[in-house]
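**Q** What follows is a protein structure lacking sequence information:
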């Protein structure tokens, strides 16, 4: 069955929306990129709507870290410590936006979207 990004079939009250039309090609969803920590960084380029392109990070080894003064530096990743979106992603070392990762500088909260952007950025916690 196709994964879709269309409106939900149920209302907040629990009632059903009646489907007025079928699924459309532009409503199809992609599978998650599931960015993992690895010693070799890999990215994948995909075509999006309108002929634009996106870089999906598949594996990553470094992160751009900004501190409170605004200075940024590149440092190595060690492991995923916490993820408020889903605790199962921590066990699998998958990085998403908002995840807390352990680096050589300390704990860092990820601010970029690794499945949509070609880089990984974060701020010190």
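**A** That came through fine. Remember, it's a predicted structure, so these values are computed and weren't measured experimentally. Numbering: from 1, shown residues only.

**Q** Return the distance of stretch 98-111 from the chain's centre.
**A** Relative to the chain's own centre, stretch 98-111 is displaced by 14 Å; criterion: C-alpha atoms, centre = their mean, to the nearest Å.

**Q** Now do the buried residues in it.
**A** 99-101, 103, 108-110 (16 or more other C-beta atoms under 10 Å). Where you see a C-beta, it was placed from the backbone N, CA and C, and this is true even at glycine.

**Q** farthest pair in the residues you listed?
**A** Distance extremes for the buried residues of stretch 98-111: the farthest pair is 99 and 103 at 12.0 Å, using C-beta to C-beta.

**Q** Quick check: neighbours shared by those two?
**A** By C-beta atoms under 8 Å, 6 or more residues apart in numbering, residue 99 and residue 103 have no common neighbours.

**Q** Can you pull up the most central residue in this protein?
**A** In the chain, the residue lying closest to the centroid (C-alpha atoms, centre = their mean) is residue 96, at 3.8 Å.

**Q** can I assume that residue is in contact with residue 82?
**A** No - counting by C-beta atoms under 8 Å, residue 96 stays clear of residue 82, with 11.3 Å between them.

**Q** Can you list the strands that the longest strand seen in the chain pairs with?
**A** Identified as the longest strand of the chain according to DSSP state E is strand 72-82. Strand pairing for strand 72-82, using DSSP bridges, gives strand 62-66 (antiparallel), strand 100-103 (antiparallel).
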